[in-house]
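Trainee: Sharing a model prediction with you, sequence too.
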Amino acid sequence: MAGVISKAIHILDLLLPQGTEKEMSVTEISRELDMPIQSVHRILASLVEHGFVSQNVKTRKYKLGLSIMKYGFLMWDSLMLRTVARPFMEELSHKTKETVYLATRENAEGVYIDSVDSPQILKISEPIGLKLPLFIGASNRVIMAYLPRRTREILLDDTDWSQVPSLKPLTRAYIEEELERIKERGYAVTEGEATEGTTGIGAPIFSYDNMVIGSLNVAGPTLRFSPDKIEGMGMLVKRYAERISNELGYRFKLQR
């Protein structure tokens, strides 16, 4: 398998444009890489199936496909996320007087990648790099809510619910109901799941192609989060998350 992957990478490298779009035939690729034509055919068929390579129907030659561009833009969004979000985080922390976190997804977990501390003495201060399953905590659960349905199902199927690292008991049925509620109002609210006595409010951040790539989260001691305040703050966090999304190129209304 490793050899096939290595050969596929060599083919993709060979098809990289050099000033202008580059197209090559199977024979040319085979000769350039000293690879059997049958192997080139087989690998190209798989790359075409997944969109990494496309074939010109007239010339029968191959070039890089749109999937390469998609993943390139997603990587750019991830690199830009912290830079773009930082001034909005500082402004949001100033308005709410609470700690503001920026989170992103890493496989089945959510991870904090930046934060702005609350100016108050009593505050929440979680370490950057903290990872938890995507269904624990507002910053993570709101990301999970906007993932494709099939992706959510796989993540839930792979969870051992007897070993969930939450301070509150969580079940699959509860999480599924919560994910639907999050999509209805556009933000998530959790209390005391990752840290005792804390409340978190998270809203999704989207990339240019309508994919959720992270979340903006306000967190603080539960005693400062009354029901009325939670609703108003939820709308505020959602508004700031939308502004970050717009800066990243997102131009569609959030799903309700």
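Mentor: Now that the structure is in, tell me what you want to look at.

Trainee: just for the stretch 1-150 of the chain, where's the confidence low?
Mentor: Where the stretch 1-150 of the chain drops to pLDDT under 70, the residues are 1-2, 18-21, 68-79.

Trainee: Do a quick rundown of the helices in it.
Mentor: For the stretch 1-150 of the chain, the helices defined by DSSP state H, counting those that start in this stretch cover 2-14, 26-33, 37-49, 66-96, 138-145, 149-157.

Trainee: of all the ones you listed, which lies closest to residue 185?
Mentor: Counting by CB to CB, residue 185 lies closest to helix 138-145 out of the helices of the stretch 1-150 of the chain; the figure is 10.3 Å. The C-beta positions use only the backbone N, C-alpha and C, and glycine is treated the same way.

Trainee: Give me the contacts around the closest one.
Mentor: Identification of contacts with helix 138-145 by CB atoms under 8 Å, 6 or more residues apart in numbering yields 101, 103-105, 109-110, 112, 132-135, 152, 155, 175, 178-179, 182-183, 187-190, 200-204, 212, 214-217, 219.

Trainee: quick check: angle from it to helix 149-157?
Mentor: 130 degrees (axes from the mean of the first three to the mean of the last three CA atoms, to 10 degrees).

Trainee: how far out from the middle of the chain is helix 138-145?
Mentor: Its chain's C-alpha centre and that of helix 138-145 lie 10 Å apart, by CA atoms, centre = their mean, to the nearest Å.

Trainee: let's number from 37 now, not from 1
Mentor: Done: numbering now begins at 37, and the last item shifts to helix 174-181.

Trainee: out of the helices of the stretch 37-186 of the chain, deepest packed?
Mentor: helix 174-181 (a mean of 28; mean count of other CB atoms under 10 Å).

Trainee: Convert that one to PDB, retaining C-alpha atoms only.
Mentor: Extracted as PDB, the C-alpha positions of helix 174-181 are listed here (Å, rounded to 0.1, in the frame of the first residue of the first chain):
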ATOM      1  CA  ALA A 174     -19.800  24.000  23.300                       C
ATOM      2  CA  SER A 175     -16.800  24.800  21.100                       C
ATOM      3  CA  ASN A 176     -16.500  21.200  19.900                       C
ATOM      4  CA  ARG A 177     -20.200  20.200  19.700                       C
ATOM      5  CA  VAL A 178     -21.000  23.200  17.500                       C
ATOM      6  CA  ILE A 179     -18.400  22.000  15.000                       C
ATOM      7  CA  MET A 180     -19.800  18.500  15.100                       C
ATOM      8  CA  ALA A 181     -23.300  19.800  14.500                       C
END
